[in-house]
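Asks: got a structure for you, letters missing:
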């Protein structure tokens with residue numbers, strides 16, 4: 001940047017150079033803002049959790065697979081949790097009593113009784129916010145739901161309401177818990 005004097009001394013030089021100085025500062029500050037594009041160096045980037053998560057329902061999705069139960073017989077339904085990369089939910093049972101465990105519940109139907117859910121063992125992981133490893137579920141997790149059809153010979157198709165209570169966390173914090181609602185198609189034949 002070259003300052004040109006207008007013959008009015010230092011004050012004139014400063015006034016004429018002010019637009020250039022402002023432009024220089026703006027460019028310099030923009031370069032320091034951290035909004036740089038990353039160059040692909042051939043190393044895969046580690047996925048990071050979404051930045052605007054406000055509830056556990058935003059990172060945990062639930063789906064079920066329909067079942068057929070013989071009259072008077074039993075079947076096992078599967079409830080699958082899909083937990084977004086970079087997040088986890090507490091296993092059931094949770095490692096400590098103050099943690100919110102993942103919980104699957106279903107209501108009995110007229111012709112079907114629902115037993116207690118069977119949970120897989122949690123994976124022990126260490127996190128910044130906990131002093132000890134915690135039992136958690138990550139990625140795809142399947143929870144089994146035992147069903148029994150009444151032995152009265154009735155043939156019915158029904159939809160059982162399913163509730164899944166979860167609290168999602170990332171490596172630094174936990175988010176408000178959520179109850180996810182879905183249904184399970186069940187046929188008694």
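Replies: Good, I have the coordinates. Predicted model, so just to flag it, every value in this text is computed and none were measured. Numbers count the residues shown, from 1 in each chain.

Asks: Which SSE is immediately downstream of the lowest-mean-pLDDT helix or strand in the chain?
Replies: Lowest mean confidence among the helices and strands of the chain (mean pLDDT, DSSP states H and E): helix 10-31, at a mean of 42. Following helix 10-31 in sequence order, the next helix or strand is strand 60-65 (DSSP states H and E).

Asks: and the closest residue to residue 117 other than its chain neighbours, what is it in contact with?
Replies: Closest residue in space to residue 117, ignoring its immediate chain neighbours: residue 104 at 4.1 Å, by Cβ to Cβ, 6 or more residues apart in numbering. Quick note: C-beta positions are derived from backbone N, CA and C, even for glycine. Shown in contact with residue 104 (Cβ atoms under 8 Å, 6 or more residues apart in numbering): 79, 117, 119, 143, 145, 162, 163, 164, 165.

Asks: try it again with 6 Å
Replies: Residue 104 sits next to 79, 117, 143, 164 when contact means Cβ atoms under 6 Å, 6 or more residues apart in numbering.

Asks: Which residue lies closest in space to the most centrally placed residue in the chain, excluding its sequence neighbours?
Replies: For the chain, the residue nearest the mean C-alpha position is residue 59 (2.2 Å; Cα atoms, centre = their mean). Spatially, and ignoring its direct neighbours in sequence, residue 59 is nearest to residue 84 (4.1 Å; Cβ to Cβ, 6+ apart).

Asks: Where does the prediction get shaky in the protein?
Replies: Low-confidence segments of the chain (pLDDT under 70): 1-51.

Asks: Kindly recompute the last result at 80.
Replies: By pLDDT under 80, the weakly predicted segments of the chain are 1-52, 153-154.
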